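A.B. asks: When you get a sec, could you give me coordinates for this:
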Amino acid sequence: MSQQKQLPKSINFTFGGLAGMGATAVVQPLDLLKNRLQMAGEGKNRKLYTSSLDAFVKIGRAEGVLGMWNGISAGLLRQATYTTTRLGIFSTLQDRYFAREGKNPNILIKGGMALIAGGIGAFVGTPADLTLIRMTSDGRLPEGLRRNYKNAIEGLVRISREEGVTKMWNGWRPTVIRAIVVNIAQLASYSQAKQFLLESKYFKDDILCHFAASLMSGFITTVASMPVDICKTRIQNQKPLPDGTLFYKNSFDVARKVIGKEGIFSLWKGFLPYFARIGPHTVITFILLEQMRKFYIRAFI
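C.D. replies: The predicted structure is shown next:
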């Protein structure tokens, strides 16, 4: 992202949220598919889907085309909270560093900035993320066990009333851990990849460069974040057992049980739809963000 001209903090945050929301509107079906595949290893659902394509076809038949966008309100709310915060903080930190040092931060400093931005953003966005997981997973449950949230706001209200306000942050630890991994991989790798491409002299600061850098970032992010993402998904979606206890105690417990029962590669279950979501989401987010920043700089700075 351009570091020569600084944007107001409010613009950094606003553009971050709008870019994330625009990307989510496009890739929501892939997010739903990813969540269903990650939950497919549990209990009777273990052999529910034979592949990503099989899952896509079965979900489409059972819930209709519009059913692929179940949870879109929660997805947009998540971007409005999580992505607004993380991209806003990351852009602001980079602008401040350039203003002070007169140069771009190195990869280690970028990683530290991404860690801070991702951790704070994830905590802020956990309630919306929890609602998103539940809404996109609802269709796999029997009718009597579905939560049937009409939208994200109703989901948050019902969680606070039925389970308590603090339960809106259920799974915040794995959510923060995942976000830290995602943001270090995504934000730091995108910024570094873009810098590398520009320094190669084969690229200039345009959409082609942004596309290439964000695609590289999307692949790195997918590989790094999938294990923590599946742990987060299963913790947030679980219900108490008949005796009141929870099947998964924490992320390490999820990883241990998944590896023990489903094999280590199950931590990357749903890799293709996850990459198909992360890749385009990363590309669209950064292209939109870059274009909005450039427009604002041309128009107002």
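A.B. asks: Mind pulling up the pLDDT for residue 137?
C.D. replies: Residue 137 is assigned 83 on the pLDDT scale.
A.B. asks: by contact count, what packs against the one helix or strand it maps to?
C.D. replies: Assigned by DSSP states H and E, residue 137 belongs to helix 107-137. Where contact means 3 or more CB pairs under 8 Å, 6 or more residues apart in numbering; DSSP states H and E, helix 107-137 is packed against helix 9-39, helix 72-78, helix 84-101, helix 152-162, helix 172-183, helix 189-199, helix 207-237. C-betas here are computed from N, CA, C, even on glycine.
A.B. asks: how about those in TSV, adding distance to residue 271 and mean pLDDT?
C.D. replies: Listed next are those as TSV, based on distance: least, CB to CB, whole Å; pLDDT from 0 to 100:
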stretch	distance to residue 271	mean pLDDT
helix 9-39	9	89
helix 72-78	20	93
helix 84-101	23	92
helix 152-162	27	95
helix 172-183	15	88
helix 189-199	18	92
helix 207-237	7	90
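A.B. asks: Quick one: closest of those helices to residue 263.
C.D. replies: Counting by CB to CB, residue 263 lies closest to helix 207-237 out of the helices and strands packed on helix 107-137; the figure is 12.5 Å.
A.B. asks: follow-up on the earlier one: format the helices and strands packed on helix 107-137 as CSV; extra columns: mean neighbour count.
C.D. replies: Output for the helices and strands packed on helix 107-137, formatted as CSV (neighbours: other CB atoms under 10 Å):
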stretch, mean neighbour count
helix 9-39, 22
helix 72-78, 24
helix 84-101, 20
helix 152-162, 16
helix 172-183, 23
helix 189-199, 19
helix 207-237, 21
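A.B. asks: okay, these in a markdown table with distance to residue 53 next?
C.D. replies: What follows is the helices and strands packed on helix 107-137, written out as a markdown table (distance: least, CB to CB, whole Å):
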| stretch | distance to residue 53 |
| --- | --- |
| helix 9-39 | 10 |
| helix 72-78 | 22 |
| helix 84-101 | 32 |
| helix 152-162 | 29 |
| helix 172-183 | 26 |
| helix 189-199 | 29 |
| helix 207-237 | 18 |
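A.B. asks: which residues does the closest residue to residue 69 other than its chain neighbours contact?
C.D. replies: Closest residue to residue 69 apart from its sequence neighbours, by CB to CB, 6 or more residues apart in numbering: residue 28 at 5.2 Å. Residues in contact with residue 28 (CB atoms under 8 Å, 6 or more residues apart in numbering) are 68-69, 71-72, 75.
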